[in-house]
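**Q** 3D, please:
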Amino acid sequence: MATELRERIYTPLALNEARALVKEALRLLDALSEDPDLDDEEDLGVLDDVTLSVGGSLPTDPRGAPEAVERAAKCRSALTIDYYGRIAETAAFIALEKLIVARAGAGVVWVGEAGEEPGEGAKLVTVEAFVAQREKEVGPKWHETSALGAVEEIEHEPIETHAPNAGELEALAVHKRLARLIEGNDPFAREMLRKALERTTPEVRAYAGALMENGATPDAELAKELDMSPRDVASAREALAALLKAIR
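**A** Take a look at the predicted model:
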């Protein structure tokens with residue numbers, strides 16, 4: 001039975017920047033099928049054996065080196081790579097990994113099985129420590145392989161981080177607290193959350209649903225999606241934060 005693995009890279013990139021990175025990586029990965037220099041069947045098989053997506057919550061009470069735990073608190077989005085273990089040492093997969101970690105910034109990484117989520121106290125490592133481990137696993141091939149799209153980097157501007165938009169950082173804190181209740185191991189807390197959401201306003205419920213679907217998002221973006229004013233979105237966020245704070 002094939003082993004399915006997951007790499008979750010938490011990054012200080014804003015959510016829209018993470019989505020842009022995934023879109024670019026998938027485009028470059030798809031272009032491999034037309035690259036004459038990558039005619040190895042194993043490399044081309046990466047197209048079918050890897051899934052790259054945006055999303056995922058930080059573990060409750062993350063563990064690891066102090067630097068990793070400190071970085072985790074500053075992360076704003078997550079990138080998830082699900083893949084079959086048999087492709088872990090192919091040039092194409094290494095190229096994809098190198099692109100992601102190069103763009104992730106001062107992030108942290110969690111490794112597990114595909115479909116698994118980091119539970120309470122899950123161990124995180126810095127991106128640098130993750131790269132060092134992959135170098136040991138792969139050997140010289142890690143250094144011999146260029147990051148995906150390395151040639152195109154000359155022509156394309158790198159993704160740059162930007163100052164958070166109104167409500168984005170506040171939404172990040174609320175999203176983390178909400179996700180921990182929904183995905184945590186306390187069924188009583190989840191039941192309290194369900195009842196509290198039933199009693200609250202439709203606007204707060206809509207905001208909570210959009211937050212879980214989209215992650216931390218600026219007020220202006222959610223206002224368009226929910227057909228609300230930015231002021232109403234901010235009010236819904238504050239009400240949800242108060243509701244979550246009461247659930248301990």
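**Q** check which element follows the lowest-mean-pLDDT helix or strand in the chain along the chain.
**A** When the helices and strands of the chain are scored by mean pLDDT, DSSP states H and E, helix 41-49 comes last with a mean of 60. Once helix 41-49 ends, the next helix or strand along the chain (criterion: DSSP states H and E) is strand 50-54.
**Q** any idea which residue sits dead centre in this structure?
**A** Residue closest to the average C-alpha location in the chain (CA atoms, centre = their mean): Ala78, at 1.4 Å.
**Q** that residue: which element?
**A** Element membership for Ala78, per DSSP H and E: strand 77-84.
**Q** partners of that strand in the sheet?
**A** Paired with strand 77-84 in the same sheet, following DSSP bridges, are strand 4-11 (antiparallel), strand 50-54 (antiparallel).
**Q** so what touches the helix or strand where Leu243 lies?
**A** Assigning secondary structure by DSSP H and E places Leu243 in helix 230-245. With CB atoms under 8 Å, 6 or more residues apart in numbering as the test, helix 230-245 has contacts from 166-167, 170-171, 173-174, 177-178, 181, 193, 196-197, 200-201, 203-204, 206-208, 211, 219-220, 222-223, 226, 228. No exception for glycine: its C-beta is placed from N, CA and C like everyone else's.
**Q** quick one: which of these sit in helices?
**A** Of the positions in the contacts of helix 230-245, 170-171, 173-174, 177-178, 181, 193, 196-197, 203-204, 206-208, 211, 219-220, 222-223, 226 sit in helices, assigned by DSSP state H.
**Q** may I see the PyMOL selection of the buried members of those residues?
**A** Paste this into PyMOL to select the buried members of the ones in helices among the contacts of helix 230-245, with burial taken from 16 or more other CB atoms under 10 Å:
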select buried, resi 170+171+174+177+178+181+193+196+197+203+204+206+207+208+211+219+222+223+226
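**Q** quick one: low-confidence ranges for this structure?
**A** Scanning the chain with the threshold set as pLDDT under 70 gives 1-2, 32-47, 150-168, 185, 248.
**Q** could you measure from Glu238 over to Thr126?
**A** Distance, Glu238 to Thr126, by CB to CB, to the nearest Å: 34 Å.
**Q** so between these two, which is more surrounded?
**A** The residue with more neighbours, out of Glu238 and Thr126, is Thr126; 19 against 15, by other CB atoms under 10 Å.
**Q** what's the more buried one sitting at in phi/psi?
**A** In terms of degrees, to the nearest 10, the main-chain angles of Thr126 are phi -70, psi 160.
**Q** so Ala216 makes contact with Ala179?
**A** No. At 10.3 Å, Ala216 and Ala179 do not qualify as touching, with contact defined as CB atoms under 8 Å.
**Q** between the two, who's got more neighbours?
**A** Ala216 (21 against 18).
**Q** who's in contact with that one?
**A** Ala216 touches Leu15, Arg76, Ser77, Glu168, Leu169, Ala171, Leu172, His175, counting by CB under 8 Å, 6+ apart.
**Q** what do you get if the cut-off is 6 Å, keeping everything else the same?
**A** Leu15, Glu168, Ala171, Leu172, His175 (CB atoms under 6 Å, 6 or more residues apart in numbering).
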